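*Asks:* what would the 3D arrangement of this be:
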Amino acid sequence: MDLVITILVLLLVVALSGAVVRILPLRLPLPLLQIALGALLARPFGMHVEFDPELFFLLFIPPLLFADGWRIPKRELFLLRRPVLALAIGLVFFTILGIGYFVHWMIPTVPLAVAFALAAVLSPTDAVAVTSITGGSKMPPRLMHVLSGEALLNDASGLVALQFAVAAELTGKFSLVSAAGDFAVKALGGVVAGAFVGFVFGVVRRRLIRWASEVDPASQVGLVLILPFAAYLLAEHFHVSGILAAVAAGMTMNHTDVSKGGYVATRVQNGAVWSMVEFIFNGLIFLLLGLQLPAIIDNVAIDIRQAGGGETWHLAVYVVAITLALVVLRFIWVWVSLRFVLMRAWHRGEKRPRAGTRLVWTTALAGVRGAITMAGVLSLPLMKSEGVAFPTRDLMIFLATGVILCTLVFGAIGLPLLVRGLKLDGEDPRVREERKTRALTAEAALRGIANEQKRVEGEGDENAIALASRVAARVMADYQQRLEAAGEEGDVPEKARAEAGTERAMRLAALRAERKELAELRRGNKINDETLRTLAREVDLAEAALTGLHSG
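*Replies:* Got it, this is the predicted structure:
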């Protein structure tokens, strides 16, 4: 019963945090607020959660990485594959080597393998945390795509490297050649396992729909929720990377099925459910980090002893030093990578992209650590062997926790200033692409209406033809306005967009009046709950279509 109450309290606090962060006078990043709330639960209220590292890793990592793989724009990931791979793989191993040796040099009592394990958990970045701390200023889309792709892939590469570092500490053996070979096998095996699970799910779903004509959307969403765990466990069973399997399963999920009209309800529910899962799981990890803070602070004496002695403030110095080292290493890697890009462009006679120091610093500070780092460090084993504790585990948790907090604070202060007005050459053409697509789909819709009108004229009587003509004219007018508004430039598109914006405002006002009237009718017992739910759902979907499809 205590466990159930604890889980319910944590879920309640995570849910409330999303509302509280919006009403605070200062724009506090959501992860920092959740950490503070966790610490508040731990100290005044005495809440405590015991961790099973393996269970914690299994519960939190697969769904988060699956969701990242599912949502990331695949085309942009492919087009930007060079900078993404440079950051997600090259920078990860550069960070592991640099931070590993730096930590071992700064704190000699930390074994080199454990220092590499700490560096490995610090190498993954958190794109969600970056988005939450940039304030009202938006990242340039192209840069955000790079950071999202990096965060997706460096989660996998960093956590796989963590497993090798922990294994090296536990066994006392490490061979770079052997590790590189094992890494390749584990990575390839994990990708194959994840892709296999995603493919099998697609086949099973199509067969179920073919046999049953229609499958309850809730059942399909339930199957999707199991997928990341199935991919992870299958891969781990064959001793390959369950982390990469979860990513691959998400990336191979065919979540579009746009041409299949019957999947509409499933797509809507999938989007809502996975948004909730990501929010809850990310929130729980930061909340659990906050719950550990008082105990981590209470164990400062142990941390100092594990660090080889000294004053308490030395720990804060270690945290800041590691954070600055991470930023500097990231800056160096990005700066050198950009120099190679500029040299290649110059050698080929191409136009060299604009890449100033401000962009490099933005990318360096955007390396915010978050949920994956926390999950990774808490997954460190408690015991090295029977009766022998894993060396400096408490110190590693303290340092990782401090670095997460420092990168969040540094990012919250620096990123909103750096990204304000930041422009990139070759910026992501999303707005123009969206307008062009709107125009093409509107043209297709007009052709579809005309074809349906011709069918009615060929088969129907005079009344049906007259009715079809009136309705077609009304529907066509809507699509014609949408087609005009999708134009690139000129007076006609501007006028059409103004009309579309005014019409949207009017329709929203009408829908909200409908909703208010439904509430009044139910309050007066003139309709029952079933009628209320049916009609309110229609109003909600209409409003979601208006607000979701609108773009500035």
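*Asks:* spatially central residue for this structure, please.
*Replies:* The chain has Asp68 as the residue nearest its centroid, 4.6 Å off, counting by C-alpha atoms, centre = their mean.
*Asks:* and the helices in the stretch 451-552 of the chain?
*Replies:* Listed from the start of the chain, the stretch 451-552 of the chain has helices (DSSP state H, counting those that start in this stretch) covering 462-485, 491-523, 529-549.
*Asks:* mean neighbour count added to the ones you listed, as TSV?
*Replies:* C-beta coordinates here come from the backbone N, C-alpha and C atoms, glycine included. Compiled in TSV, the helices of the stretch 451-552 of the chain are given as follows (neighbours: other C-beta atoms under 10 Å):
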stretch	mean neighbour count
helix 462-485	14
helix 491-523	13
helix 529-549	13
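*Asks:* so which of those comes closest to Val20?
*Replies:* Closest of those to Val20 is helix 529-549, at 23.6 Å (criterion: C-beta to C-beta).
*Asks:* what ranges of the stretch 401-550 of the chain fall below the confidence cut-off?
*Replies:* When residues are selected by pLDDT under 70, those of the stretch 401-550 of the chain lie in 421-434, 460, 485-497, 548-550.
*Asks:* what about 50?
*Replies:* Along the stretch 401-550 of the chain, the model assigns pLDDT under 50 to residues 426-428, 549-550.
*Asks:* cool, and the chain?
*Replies:* For the chain (pLDDT under 50), the answer is 136, 255-259, 261, 426-428, 549-552.
*Asks:* what residue in it is the furthest from its centre?
*Replies:* Distance from the centre of the chain peaks at Glu462, with 55.7 Å (C-alpha atoms, centre = their mean).
*Asks:* before we move on, back to that, nearest to Thr362, of the helices of the stretch 451-552 of the chain?
*Replies:* Minimum separation from Thr362 across the helices of the stretch 451-552 of the chain (C-beta to C-beta) falls at helix 529-549, 29.5 Å.
*Asks:* would you map the strands across the chain?
*Replies:* Ranges of strands in the chain, per DSSP state E, are 383-385, 388-389.
*Asks:* tell me the contacts of Lys526?
*Replies:* Contacts of Lys526 were listed using C-beta atoms under 8 Å, 6 or more residues apart in numbering, and none were found.
*Asks:* rerun at 10 Å
*Replies:* By C-beta atoms under 10 Å, 6 or more residues apart in numbering, the contact set of Lys526 is Glu520.
*Asks:* quick one: it from Val191, how far?
*Replies:* Distance, Lys526 to Val191, using C-beta to C-beta, to the nearest Å: 58 Å.
*Asks:* same deal with Val204?
*Replies:* Taken as C-beta to C-beta, the span from Val204 to Val191 is 21 Å.
*Asks:* same deal with Arg81?
*Replies:* 15 Å.
*Asks:* more neighbours: those two, which one.
*Replies:* Set side by side, Arg81 and Val191 show more neighbours around Val191, with 21 against 13, by other C-beta atoms under 10 Å.
*Asks:* excluding sequence neighbours, find me the nearest residue to that one.
*Replies:* Spatially, and ignoring its direct neighbours in sequence, Val191 is nearest to Ala248 (4.5 Å; C-beta to C-beta, 6 or more residues apart in numbering).
*Asks:* my read: the one you found touches Asp68, true?
*Replies:* No - proximity of Ala248 to Asp68 does not meet the contact threshold set by C-beta atoms under 10 Å, at 11.6 Å.
*Asks:* okay, and the common contacts of those two?
*Replies:* Common neighbours of Ala248 and Asp68, counting by C-beta under 10 Å, 6+ apart, are Ala156.
*Asks:* surely Pro31 touches Phe279?
*Replies:* No - if you go by C-beta under 10 Å, Pro31 and Phe279 don't touch, sitting 11.7 Å apart.
*Asks:* between the two, point out the one with more neighbours.
*Replies:* Between Pro31 and Phe279, counting by other C-beta under 10 Å, Pro31 is the more crowded of the two (31 against 16).
*Asks:* identify the residues contacting the more buried one.
*Replies:* 17, 21, 126, 128-129, 132-133, 282-283, 285-287, 289-290, 368-371, 374, 404-405, 408, 412.
*Asks:* again with Ala246
*Replies:* Each residue near Ala246 by C-beta under 10 Å, 6+ apart is listed here: 61-69, 155-156, 190, 193-194, 197, 227-232, 235.
*Asks:* and Ala168, by the same measure?
*Replies:* By C-beta under 10 Å, 6+ apart, the contact set of Ala168 is Pro111, Leu112, Ala113, Val114, Phe116, Ala117, Phe174, Ser175, Ala179.
*Asks:* tell me which of the residues you listed fall in helices.
*Replies:* When DSSP state H defines the helices, the subset of those inside them is Leu112, Ala113, Val114, Phe116, Ala117, Ala179.
*Asks:* redo those as JSON lines? Include distance to Val103 and neighbour count.
*Replies:* Shown next, in JSON lines, are the ones in helices among the contacts of Ala168 (distance: C-beta to C-beta, whole Å; neighbours: other C-beta atoms under 10 Å):
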{"residue": "Leu112", "distance to Val103": "9", "neighbour count": "17"}
{"residue": "Ala113", "distance to Val103": "11", "neighbour count": "21"}
{"residue": "Val114", "distance to Val103": "9", "neighbour count": "26"}
{"residue": "Phe116", "distance to Val103": "9", "neighbour count": "25"}
{"residue": "Ala117", "distance to Val103": "10", "neighbour count": "31"}
{"residue": "Ala179", "distance to Val103": "19", "neighbour count": "15"}
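*Asks:* just flag the most distant two among those.
*Replies:* Distance extremes for the ones in helices among the contacts of Ala168: the farthest pair is Val114 and Ala179 at 16.1 Å, using C-beta to C-beta.
*Asks:* ok, residues contacting stretch 451-460?
*Replies:* Stretch 451-460 is contacted by residues Ala464, Ile465, Ala466, Leu467, Ala468, Ser469, Val471, Ala472, Ala473, Val475, Met476 when judged by C-beta under 10 Å, 6+ apart.
*Asks:* go again with 8 Å.
*Replies:* Counting by C-beta under 8 Å, 6+ apart, Ala464, Ile465, Ala468, Ser469, Ala472 sit against stretch 451-460.
*Asks:* do stretch 379-391 as well
*Replies:* So stretch 379-391 is in contact with 53-54, 56-57, 110-111, 114, 117, 162, 166, 169-170, 306, 393, 396-397, going by C-beta under 8 Å, 6+ apart.
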